[in-house]
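**Student:** turn this into a structure:
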Amino acid sequence: MAEQIPYGIADNLLMKLGSAVFHEIGLVYGVRGELRKLEDTLSTVRAVLLDAEEKQESSHAVAVWVRRLKDVVYDADDLFDDFAIEDLRRKTVVHGRFGIGQLVYNDQGAVSYFSLHMSATNEDVGNLNLPLEQLQKRLQEELDGRRYLLVLDDVWNEDAKKWGQFITLLPVGANGSKILATTRSTKVASVMGVDSPFIMEGLKDDESWELFESLAFRKGEEKMHPNLVAIGKEIVKMCKGVPLVIETIGRILYFKTQESQWLNIKNNKSLMLLGDENDILSSLRISYDNLPTHLKQCFAYCALFPKDYKIEKKLLVQLWMAQGYLQVSSDENMNLEDVGNQYFDDLLSRSLFHKVENEDGNNVLSCKMHDLIHDLAQSIVKSEVIIVTNDVKIVPERTHHASLFNKPNEMPKVLMGKSIRTFFMDSYHSNNYIRNRFISNFKCSRVMKVNFPLHKVPTSLIKLGHLRYLDLSHGSFENLPGGITRLKHLQTLKLLFCSNFKEWPRNMKKLINLRHLEIDGNNELTYMPSGLGELIKLQTLPIFLLGNDSGDSRHKRKRMGRLSELKFLNNLRGQLVIEGLSNARGGDDKEAHLETKQYLECLVLSYRLLKESTQESEEMVSVMESLQPHSNLKELFMHDYGGARFPNWMMNDRLDLRLPNLVMVHICFCRRSQVLPPLGQLPFLKCLRLFYLYGVKYMKDNPSSPKPFFPSLKTLVIDDLPNLEGWGRRDVAANQQSPSYPCLEHLQLRNINTELCLHLISVSSSLKSLKIRDCSGLSTLPNWIGCLTSLAQLSIKDCPNLTSLLEEMRTLRDLCTLEISGCPFLSERCRKEIGEDWPNISHIPKIMIR
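**Tutor:** Numbers count the residues shown, from 1 in each chain. Next comes the predicted model:
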């Protein structure tokens, strides 16, 4: 198998050599001529590497030569890092089924229906280089007036212009002519104008066994060998529904009746090594060979993870970025993370990844690699990427990336002295050996993830000057060594679940390349460090803790960052939680400038009062007024706000224009505010949760507005709002028209006005789930309960005066779950077989009465 070639690293080196920074370094250190020669040499090396990629397959000498050139590229990368660090120091001082197209092509029904059959491979379609006039003439000669079937099998061409030219030449056949294209890339389908391609899934278990059985046994032979059948079913599970693999293994086992021969297959860790190389490996290799050069190294790097491992998209992009694999295009609006996300999506579209977890909006959060695809990646990187286990006794000199996922008996000393660029430890280990010599040996590391009970972070970490990615999560340390701020290249720092961590190092502002600072609430931190606002590349900052500077020493107060640290962090993305707003003191704490954070999607504003706040209500309002978010915000959470009113940016009559993209609003423990913002205006609001708002009496709205009321709302939770009297423009007390809620599916009500409760139940026939609790004034459900024809779940708890369920309940044919608790009269009437209301609910499959 050919060596993986680090094109991305070579390209980045060439870009650096041509930059003004390295021109300055050449002048300062008198090595301008040497750097110019190095640039020429690297340009030549890159060109030769491109030419040598295919030749190394057939020449051992070329392969050895390529390996040596790779070492040169890696050494040059380390050297450039050292240059950059010195420059900073100086400035500081100053997939699925195969062959389906051919199957259709050869089908006898298709043969008889179509007067002309044509099949084209990827090479044929890719070679659309004939002059259009000649191509059109040839197609007309073959197709004109005839009903044809054109099969384009295993297509890889993604050139939209060529496809457009090709397709315009085809509609010259008779009615009924068809074109069938197969591809491993969803992008090809999109380029061809196919909106809903047919996605070929793997075979089901019974289908897989049926295929395997027909290939591995003579007819009826399986009955004579039940032991082989049992082993065969285990083998079929390993194939995971891939017909090519099932066919290959089935043919291998045909004529073989010895149990040991079958067990050899079952115990083989790499199915790709079975059969002829031209079977499985060559078929999968096509997917790799058709990748652009920048995707090849990103794909091969994924051999770092074990089979069936759920790979987080964000993590993978950060690791690619740390290794220098991401190449920024000329588009100034794209940053490295955007590029990495695009690389990930490209590999997903080519079926080299398959998605595991999605969030709303169909954004893929994580993926896995099929076992065969993982085998392919491992065959490409060979020993360059290794997963260390207890079985590994020798690590080749060529190893650059190592990971541990199972707890080893002892720390892998076999890695000592190797040029390790990635050390990814995802298994817990208690050996303190790693704290000393082990870490300091990885001086070339770009990625370091460790998982052990560190009571003190090893100072040897600060010597790893090339680090881009450092994950110290689950550590037991209280602070970080001050020298960690010397890691000038650091892009990602993860400190999750560090339960004792309470003190930031001084001069965090020196980490000028930091892009992701990942922390959570599982620590003892009470403040954020001053100087954080100078890290303008920062994109991930999940939590900002506003410290209480009133009782601390002057020394500590100087180290505490105020909300003004957020002022220039305009690249923040994803979620931002601001904790401790009760410690806001005006001045600097009104300079967060959240309205400039256009990439933030979720904002949490939290006072989290442990005791009654001494902060004046108007002061709270004033601080909250300064925290108006950008209009792109999608989710807004507000906790423990003590102001007498919500800020003007929420109470604005044109809230639908000020925050038009909100899809979720969650407000809880805001005890003093009496009027809710006009949330019914929000055009895309899908989820509204209101908890423990004891002072709220009604929701503000514009009675004359012609716009729909909660037009997109799917989930509404009103929990413990005992003084809520009205609900927006269609005020219940005024007996006006009911809100429409055309999309409402989930309604949860607790401790609210009985009249409002009944009103809200009536507003949407689309309800699927209804939960009512602590409504003591509720004595009966209305007869129009039978109109909720989509209702699937009904839960009624702690409504002691509710006495019956009406006969209309019988019309709820979709109702599959009924839960009754804390309703003594109702529980008695709903007793199985003997209760008076039992006939009204006996059709419900699952009934729980307590």
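**Student:** confirm Ser790 sits in a helix?
**Tutor:** No - read with DSSP: H, G, I helix; E, B strand; the rest coil, Ser790 is coil and lies in no helix.
**Student:** quick one: it from Leu716, how far?
**Tutor:** According to C-beta to C-beta, to the nearest Å, Ser790 stands 15 Å off from Leu716. Using the backbone N, CA and C atoms, a C-beta is placed for each residue, glycine as well.
**Student:** the two: which has the busier surroundings?
**Tutor:** More crowded of Ser790 and Leu716, by other C-beta atoms under 10 Å: Leu716, with 22 against 15.
**Student:** report the distance from the helix or strand where that one lies to the chain centre.
**Tutor:** Secondary structure from DSSP states H and E places Leu716 in strand 715-719. The gap between where strand 715-719 is centred and where its chain is centred comes out at 28 Å by C-alpha atoms, centre = their mean, to the nearest Å.
**Student:** got any ranges where the stretch 451-600 of the chain has weak pLDDT?
**Tutor:** Judged against pLDDT under 70, the low-scoring parts of the stretch 451-600 of the chain cover residues 551-556.
**Student:** where do the strands of it begin and end?
**Tutor:** Secondary structure of the stretch 451-600 of the chain (DSSP state E, counting those that start in this stretch): strands located at 469-471, 492-495, 516-519, 543-545, 574-579, 600-606.
**Student:** mean neighbour count and distance to Asn268 for these - can I get that in CSV?
**Tutor:** Shown next, in CSV, are those (neighbours: other C-beta atoms under 10 Å; distance: least, C-beta to C-beta, whole Å):
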stretch, mean neighbour count, distance to Asn268
strand 469-471, 23, 34
strand 492-495, 22, 37
strand 516-519, 21, 39
strand 543-545, 20, 47
strand 574-579, 19, 42
strand 600-606, 19, 46
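**Student:** out of those, which is closest to Met508?
**Tutor:** strand 516-519 (8.7 Å; C-beta to C-beta).
**Student:** helices or strands next to that closest one in the packing?
**Tutor:** strand 492-495 (3 or more C-beta pairs under 8 Å, 6 or more residues apart in numbering; DSSP states H and E).
**Student:** once you drop chain neighbours, what's closest to Arg810?
**Tutor:** Leaving aside its sequence neighbours, Arg810 sits nearest to Asn840 (C-beta to C-beta, 6 or more residues apart in numbering; 5.6 Å).
**Student:** how close does the one you found sit to Leu770?
**Tutor:** Distance of Asn840 to Leu770, given as C-beta to C-beta: 16 Å.
**Student:** likewise Lys832?
**Tutor:** Distance from Lys832 to Leu770, by C-beta to C-beta: 22 Å.
**Student:** related to what we said a few turns ago, next SSE after the host helix or strand of the residue nearest to Arg810?
**Tutor:** According to DSSP H and E, Asn840 maps onto helix 838-841. Moving toward the C-terminus from helix 838-841, the first helix or strand encountered (DSSP H and E) is strand 846-849.
**Student:** which parts of that following strand count as buried, going by neighbours?
**Tutor:** Residues of strand 846-849 classed as buried by neighbour count (16 or more other C-beta atoms under 10 Å): Ile849.
**Student:** and what of stretch 497-510?
**Tutor:** Within stretch 497-510, the residues that count as buried by 16+ other C-beta under 10 Å are 498, 501, 503-505, 508-510.
**Student:** tell me the one of the residues you listed nearest Ser185?
**Tutor:** Cys498 (41.9 Å).
**Student:** ok, that closest one - contacts?
**Tutor:** Cys498 makes contact with 472-477, 522-523, according to C-beta atoms under 8 Å, 6 or more residues apart in numbering.
**Student:** go on, Val385?
**Tutor:** Residues in contact with Val385 (C-beta under 8 Å, 6+ apart) are 300-301, 303-304, 378, 399-402, 422.
**Student:** list buried residues within these.
**Tutor:** 300-301, 303-304, 378, 399-402, 422.
**Student:** just the closest of the residues you listed to Val31, please.
**Tutor:** His400 (27.0 Å).
**Student:** the closest one touches Glu384, doesn't it?
**Tutor:** Yes - using C-beta atoms under 8 Å, His400 is in contact with Glu384, at 5.3 Å.
**Student:** now do Phe255 against Leu152, distance only.
**Tutor:** For Phe255, the distance to Leu152 - C-beta to C-beta - is 37 Å.
**Student:** give me the more crowded residue out of these two.
**Tutor:** Each of Phe255 and Leu152 has its neighbours counted (other C-beta under 10 Å); Leu152 has more, 22 against 10.
**Student:** tell me the SS of that one?
**Tutor:** On the three-state scheme (three-state DSSP), Leu152 is labelled strand.
**Student:** quick one, phi/psi of the residue nearest to it when sequence neighbours are not counted?
**Tutor:** Nearest residue to Leu152, sequence neighbours excluded (C-beta to C-beta, 6+ apart): Ala181, at 4.1 Å. Main-chain dihedrals, Ala181, degrees, to the nearest 10: phi -120, psi 140.
**Student:** ok now stretch 63-78, how far from the chain's centre?
**Tutor:** For stretch 63-78 - counting by C-alpha atoms, centre = their mean - the centre lies 33 Å from the chain centre.
**Student:** of the contacts of Cys498, grab the buried ones for PyMOL.
**Tutor:** Per 16+ other C-beta under 10 Å, the buried members of those correspond to this PyMOL selection:
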select buried, resi 472+473+474+475+477+523
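**Student:** now distance to Ile373 too, for the strands of the stretch 451-600 of the chain, in TSV please.
**Tutor:** Shown next, in TSV, are the strands of the stretch 451-600 of the chain (distance: least, C-beta to C-beta, whole Å):
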stretch	distance to Ile373
strand 469-471	24
strand 492-495	26
strand 516-519	28
strand 543-545	37
strand 574-579	29
strand 600-606	31
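**Student:** ok, which of those strands comes nearest Pro481?
**Tutor:** Pro481 lies closest to strand 469-471 among those, at 12.0 Å (C-beta to C-beta).
**Student:** helices or strands up against the closest one?
**Tutor:** Packing contacts for strand 469-471, counted by 3+ C-beta pairs under 8 Å, 6+ apart, involve helix 313-323, strand 447-449, strand 492-495.
**Student:** mind checking which of these is nearest Trp649?
**Tutor:** Nearest to Trp649 among the helices and strands packed on strand 469-471 is helix 313-323 (30.3 Å), distances taken as C-beta to C-beta.
**Student:** ok, how many other residues are close to Ser329?
**Tutor:** Residues lying near Ser329 (other C-beta under 10 Å) number 10.
**Student:** one more: Thr182?
**Tutor:** Neighbours around Thr182, by other C-beta under 10 Å: 23.
**Student:** so it touches Trp156, yeah?
**Tutor:** No - using C-beta under 8 Å, Thr182 makes no contact with Trp156, being 10.8 Å away.
**Student:** backbone dihedrals for Gln539, please?
**Tutor:** The phi/psi pair for Gln539 (degrees, to the nearest 10) reads phi -110, psi -30.
**Student:** show the contacting residues for it.
**Tutor:** Contacts for Gln539 (C-beta under 8 Å, 6+ apart) come out as 337, 515-516, 571-574, 599.
**Student:** for stretch 749-763, which positions count as buried?
**Tutor:** Using 16+ other C-beta under 10 Å as the test for burial, stretch 749-763 gives 749-753, 756-763.
**Student:** oops, could you answer that again for stretch 826-835 instead?
**Tutor:** For stretch 826-835, the neighbour count (16+ other C-beta under 10 Å) marks 826-827, 829-830, 835 as buried.
**Student:** quick one: distance of that stretch to the chain centre.
**Tutor:** For stretch 826-835, the distance to the chain centre is 48 Å (C-alpha atoms, centre = their mean).
**Student:** still on that earlier bit, got the contacts of Cys498 as a markdown table, with distance to Ala216 columns?
**Tutor:** Output for the contacts of Cys498, formatted as a markdown table (distance: C-beta to C-beta, whole Å):
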| residue | distance to Ala216 |
| --- | --- |
| Leu472 | 51 |
| Ser473 | 47 |
| His474 | 47 |
| Gly475 | 52 |
| Ser476 | 54 |
| Phe477 | 56 |
| Asn522 | 52 |
| Asn523 | 56 |
